[in-house]
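A.B. asks: The sequence isn't on hand, but the structure is:
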């Protein structure tokens, strides 16, 4: 499986936003639409700090 967990980093602390994210679509103005494996979706705001596909982890900074 190629899903990743997405975290938002605020003041140096990472908070899990969504698990098993299968797709990320940029929506402009530092917004991203996260789409889950089971069809769920969530829009988040931040900038990309790190994408580590081997660790299945994506970190956005708020």
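C.D. replies: Thanks, I have the structure now. Quantities reported herein were computed from a predicted structural model and do not represent experimental measurements.
A.B. asks: Apart from its chain neighbours, what residue comes closest to residue 3?
C.D. replies: Nearest residue to residue 3 in three dimensions, chain neighbours excluded: residue 20, at 4.3 Å (CB to CB, 6 or more residues apart in numbering). All C-beta atoms are positioned from the backbone trio N, CA, C, and that covers glycine.
A.B. asks: Any figure for the gap between the one you found and residue 7?
C.D. replies: Residue 20 sits 13 Å away from residue 7, going by CB to CB, to the nearest Å.
A.B. asks: Those two: which is more packed in?
C.D. replies: Between residue 20 and residue 7, residue 7 has the larger neighbour count (other CB atoms under 10 Å), namely 20 against 15.
A.B. asks: what about this structure, any weak spots by pLDDT?
C.D. replies: Counting by pLDDT under 70, the chain contains low-confidence ranges at 1.
A.B. asks: buried sites along stretch 49-59?
C.D. replies: Neighbour-count burial for stretch 49-59, counted by 16 or more other CB atoms under 10 Å, picks out 58-59.
A.B. asks: Could you work out the end-to-end span of it for me?
C.D. replies: From the first residue to the last, stretch 49-59 extends over 6 Å; the measure is CA to CA, to the nearest Å.
A.B. asks: For that stretch, what is the distance to the chain centroid?
C.D. replies: 9 Å (CA atoms, centre = their mean, to the nearest Å).
A.B. asks: about what we covered before: now the residue nearest to residue 3: which helix or strand?
C.D. replies: In this structure, residue 20 is located in strand 13-28 according to DSSP states H and E.
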